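Chemist: Got a sequence here, can you model it:
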Amino acid sequence: MAHPLPPTIPRTTDEYAQRPGPAPYRRIATEEAWMTPELFHAYRELLARRPADEPGFISMWGRFIDLGGVLLDRLLDVDAMRIADMDAAGIDVQLLLLTAPGVQVFAADTAIALAADSNDQLAAAIRRHPTRLAGLAAIAPQDPVAAARELERAVTRLGLKGAVINSHTKGEYLDDPRFWVIFEAAEALDVPIYIHPRTPAPAMLQPFLQRGMDRALMGFGVEVALHTLAIITSGAFDRFPRLKIVIGHAGEGLPYWLYRLDYMQQHNRAKFMPELRHLPSDYLRENIYVTNSGVPWAPAITLAQSVLGVDRVLYAMDYPYQYQPCEVAMVDALPLDDADKRRFFQGNAERLFRL
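Modeler: The predicted model follows:
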């Protein structure tokens, strides 16, 4: 028996061609990918070596690297093509994040150099388009102290708005206290850290890879949900109560799980979770922000708003991986009042990222 598509997925060519009209708010898209030519060439060189400790990178970029075409052009362009695409989709501002897996697949010295170079290039692009572009800094968790220094440089000297970390680094997660110097720097600077997906760590990759689920179909969401919960249960937010973490894709499933997370923490604490000062849902409401990147779907967005709060959910497109101008029109049609719609598209991003 055929099942109907969810009601917001376009079914016809005409629906996909639908363009958003003018809006009484700025549309600020907050998870928009880019990359430098230097990073692209470094990926090519790394793929040629087929590193045994990066099977997820080989799976993901082994498929992308030789595709070329418009996807790669859009990733590499931070000028005319990107601005034209924004205009066509009615996007006023893009917040740029170095595409997954960023610099986190390289040895520390290479990663540190590539991160600093990408941040310099990003700052230059923003200077060319100050009303249209903003960005988050790439950092190299391979050397946490150097990463904290680069975050400070990027924020205080380059004007970037926080950091992006593409989930695990060589299979390691930010719940390990050796990375907490990065959290300390972000809290002191009062800027957020965006945890963006990548393919799962080697220890959990194979079941996803064997079924073609290692990327956006499921692997990305599982990876970031695990990472976010690991940070919560590590006690990091008790240590850094003003730390702000951003995750995408309507919260990677976590808003749907809030009741069960709290229940298990209360009833199985000794077995599953350490002692925390608050419930998991409290940290998700106080320290976590969610974008709808790649999920222009009213039920998911409004659920996140209802359980996390309307001030915690922001608009994103997931350009260029999911560039469909019709999706902007779909999100414009959310069943929200004017004030909440302005918060979603504009106000929350302006406040969180100081735009």
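Chemist: Quick one: the strands in the stretch 201-350 of the chain, in order.
Modeler: Counting by DSSP state E, counting those that start in this stretch, the stretch 201-350 of the chain has strands at residues 245-247, 288-291, 313-314.
Chemist: what's in contact with the shortest one?
Modeler: In this case it means strand 313-314. 28, 30, 246, 289-292, 301, 304-305, 344, 348-349, 352 (C-beta atoms under 8 Å, 6 or more residues apart in numbering). Glycine gets a C-beta too; all of them are placed from N, C-alpha and C.
Chemist: Considering the residues you listed, which is situated nearest to residue 238?
Modeler: residue 289 (18.8 Å; C-beta to C-beta).
Chemist: hang on, isn't that closest one packed against residue 245?
Modeler: Yes: under the criterion of C-beta atoms under 8 Å, residue 289 makes contact with residue 245 at 7.3 Å.
Chemist: what's the overlap in contacts for these two?
Modeler: residue 192.
Chemist: Which secondary structure state does residue 95 sit in?
Modeler: Under DSSP: H, G, I helix; E, B strand; the rest coil, residue 95 falls in the strand class.
Chemist: Bridged to it, which residues?
Modeler: residue 134 (DSSP bridges).
Chemist: tell me the contacts of it?
Modeler: Contacts of residue 95 (C-beta under 8 Å, 6+ apart): 28-32, 134-136, 161, 316, 349, 353, 355.
Chemist: try 7 Å this time
Modeler: The contact partners of residue 95, by C-beta atoms under 7 Å, 6 or more residues apart in numbering, come to 28, 29, 30, 32, 134, 135, 136, 161, 353.
Chemist: Same question for residue 334.
Modeler: 298, 301, 341.
Chemist: Quick check: phi and psi at residue 146.
Modeler: Recorded main-chain torsions at residue 146 are phi -60, psi -40, according to degrees, to the nearest 10.
Chemist: Which of the contacts of residue 334 fall within helices?
Modeler: 298, 301, 341 (DSSP state H).
Chemist: Reformat those as JSON lines; add neighbour count, distance to residue 62 and pLDDT.
Modeler: Formatted as JSON lines, these follow (neighbours: other C-beta atoms under 10 Å; distance: C-beta to C-beta, whole Å; pLDDT from 0 to 100):
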{"residue": "298", "neighbour count": "18", "distance to residue 62": "36", "pLDDT": "96"}
{"residue": "301", "neighbour count": "24", "distance to residue 62": "33", "pLDDT": "98"}
{"residue": "341", "neighbour count": "21", "distance to residue 62": "41", "pLDDT": "97"}
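Chemist: one step back: could you dump the strands of the stretch 201-350 of the chain to CSV with mean neighbour count and distance to residue 102?
Modeler: Shown next, in CSV, are these (neighbours: other C-beta atoms under 10 Å; distance: least, C-beta to C-beta, whole Å):
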stretch, mean neighbour count, distance to residue 102
strand 245-247, 25, 15
strand 288-291, 27, 17
strand 313-314, 27, 21
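Chemist: Quick check: the spatially most central residue of the chain vs residue 167, distance?
Modeler: What sits nearest the mean C-alpha location of the chain, by C-alpha atoms, centre = their mean, is residue 196, with 3.4 Å. Residue 196 is 7 Å from residue 167, where distance means C-beta to C-beta, to the nearest Å.
Chemist: Kindly report the same for residue 223.
Modeler: Residue 223 is 5 Å from residue 167, by C-beta to C-beta.
Chemist: got it, and residue 275?
Modeler: In this view, residue 275 and residue 167 are 26 Å apart by C-beta to C-beta.
Chemist: more crowded one of these two?
Modeler: Neighbour totals were compared for residue 275 and residue 167, and residue 167 leads with 25 against 9 (other C-beta atoms under 10 Å).
Chemist: dump the residue contacts of that one.
Modeler: Shown in contact with residue 167 (C-beta under 7 Å, 6+ apart): 195, 196, 197, 198, 223, 224, 227.
Chemist: re earlier: name the residues contacting each of residue 223 and residue 167.
Modeler: 197, 198.
Chemist: so where's the stretch 201-350 of the chain uncertain?
Modeler: By pLDDT under 70, the low-scoring segments of the stretch 201-350 of the chain are 269-273.
Chemist: and if we set it to 90?
Modeler: The stretch 201-350 of the chain contains residues with pLDDT under 90 at 264-275.
Chemist: So which elements touch the longest helix seen in the chain?
Modeler: Longest helix in the chain by number of residues (criterion: DSSP H): helix 108-128. Packed against helix 108-128 by the contact rule (3 or more C-beta pairs under 7 Å, 6 or more residues apart in numbering; DSSP states H and E) you find helix 37-49, strand 133-135, strand 137-138, helix 144-156.
Chemist: how big is the angle separating that helix from helix 144-156?
Modeler: 10 degrees (axes from the mean of the first three to the mean of the last three C-alpha atoms, to 10 degrees).
Chemist: chain center to helix 108-128: distance?
Modeler: Computed by C-alpha atoms, centre = their mean, to the nearest Å, the chain-centroid distance of helix 108-128 equals 18 Å.
Chemist: Work out the gap between stretch 283-294 and the centre of the chain.
Modeler: For stretch 283-294, the distance to the chain centre is 10 Å (C-alpha atoms, centre = their mean).
Chemist: Compute the first-to-last residue distance for that stretch.
Modeler: Counting by C-alpha to C-alpha, to the nearest Å, you get 24 Å between the two ends of stretch 283-294.
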